[in-house]
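Trainee: I would like the atomic coordinates for the input below:
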Amino acid sequence: MLKRLIPVIILALGVGGFMALRLTRPEPVPVEAQERSWPVEALAISLSEHVPLLPLYGEVVAPEMVNLVAPIAARVTARPVSDGQRVAEGELLVALDDEDLLSPVRQAEAEVADLKAQLENERIRHENNRQLLTQERNILASANRQLERSRSLAGRNLTSQADVDAARDAVARAQLSVANRESAIAEYPSRQASLEARLSRARVVEENARRDLARGRVEAPFDGRVTRVDVAPGDDVAARASLLSLFPLDGLEVRARIPRRFQTELEAALDAGTPLVAVGEGGQRFRLERLAGESDPIGIEAIFAVEDEASGLRPGAMVTLQLRRPAVEDALAVPYAALHGADLIYRINADNRLERQRVERLGEVRQRDGGRWLLVRAEALNDGERIMSTHLPNAVQGLRVEVTNAPAATGQDS
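Mentor: Numbers count the residues shown, from 1 in each chain. Predicted coordinates:
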């Protein structure tokens, strides 16, 4: 009997122990919900005048580059310069064979001399024709008188009909000679004009040949740098074949594509005479001269002149520019980390809560340490207020934050 009660007693003790532990357990401390604060950094707003920068990528071009060509087919005897070499005005670049250049000159001179001789012969022939015409007219008059005498004698049967016919033939021959001589004299002005025209044409050919002879020594038309050398000494070149190219040292320009939304602003500044300067990566300065005459849907090309010495610049090179646009007022510079989305920043109110604020993007500014900040403007922002400079992916309106730094003023451009 006792053995049967032992399990029941053990179970009763277990249940009693569990109830005793449950009744003597400590009461849990009630949990109170606490709002989390996100650590962020802040900047104090300081509105002022800034000069926004517009980053551009441009190509160096040489609009005054000249391509020097051979005046005629000839052989290259000398080329004392090389690609990339700097040359002075008047310096010899290429020399062509004098014999090849003199041959057209000699031919043209011979043609001119021949036409001059033909003109002189024509003048002498004309003078002879005029003198002979007087004599032939006298002969014609004499023949006519002889014909009249023959007819008179034939009427009195003192001469034969054959004599009359012979006198008539003599008159006809004299008339033909006079007509031919008069025709030759009448044609003289046209023959003279034709020869003079041919002579003028030959003189032009001679002048061209002499000019080509002078151009056989190709000299630098200005101080510049050689590029694209196409010949070497000993080469036979055709007429108008390219020899080399040359661009002036002070004639380089940079062409960069300007987005369409900045075109009106820059045109107004140029019309007002406001100097617009762009700075290259190495500190080189470029002055905006004008905008191109044609545009496209993407934008328009801006043409910059090199203000400093164009050392290191070559046509075809790509350069990165920072164009200093006209100054804007009541703007603030913020780090890119402060921007959420395309045009959203957050202001920190007195309760350390975020307030969404949309801004107008004005461009970039460069800081004294070389960094780039975004230049923005918003009518609802005032001096002394704080904005969040930390990029917080979960930032929303009303989010509580904890500022971990002493807010400094918004950045100043250099």
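
Trainee: for the protein, which spans come out with low pLDDT?
Mentor: The chain contains residues with pLDDT under 70 at 1-5, 8, 18, 25, 27-33, 158, 310, 408-414.

Trainee: Regarding it, what is its longest helix?
Mentor: Longest helix in the chain, counting residues (DSSP state H): helix 98-155.

Trainee: Domain map for this protein?
Mentor: As recorded under automatic domain parsing, the domains making up the chain are 38-51+327-409, 55-63+251-324, 66-97+219-247, 99-215.

Trainee: I'd like the ones you listed laid out as a markdown table, including mean neighbour count.
Mentor: C-beta coordinates here come from the backbone N, C-alpha and C atoms, glycine included. As requested, the domains of the chain are exported to a markdown table (neighbours: other Cβ atoms under 10 Å):
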| stretch | mean neighbour count |
| --- | --- |
| domain 38-51+327-409 | 16 |
| domain 55-63+251-324 | 16 |
| domain 66-97+219-247 | 16 |
| domain 99-215 | 15 |
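
Trainee: I'd like those written out as JSON lines, with distance to residue 6 added.
Mentor: JSON lines is the format used below for the domains of the chain (distance: least, Cβ to Cβ, whole Å):
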{"stretch": "domain 38-51+327-409", "distance to residue 6": "64"}
{"stretch": "domain 55-63+251-324", "distance to residue 6": "92"}
{"stretch": "domain 66-97+219-247", "distance to residue 6": "112"}
{"stretch": "domain 99-215", "distance to residue 6": "133"}
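
Trainee: measure residue 112 to residue 125 for me?
Mentor: Applying Cβ to Cβ, to the nearest Å, the value for residue 112 to residue 125 is 20 Å.

Trainee: Give me the packing partners of the longest helix of the chain, helices and strands only.
Mentor: Contact partners of helix 98-155 among helices and strands, from 3 or more Cβ pairs under 8 Å, 6 or more residues apart in numbering; DSSP states H and E: strand 74-78, helix 161-215.

Trainee: Which one of the ones you listed lies nearest to residue 151?
Mentor: Of all these, helix 161-215 sits nearest to residue 151, with 5.9 Å by Cβ to Cβ.

Trainee: which other helices and strands contact that closest one?
Mentor: Helix 161-215 makes packing contacts with helix 98-155 when contacts are defined by 3+ Cβ pairs under 8 Å, 6+ apart.

Trainee: Report the inter-axis angle for the helix it packs on versus strand 74-78.
Mentor: Helix 98-155 runs at 150 degrees relative to strand 74-78, counting by axes from the mean of the first three to the mean of the last three Cα atoms, to 10 degrees.
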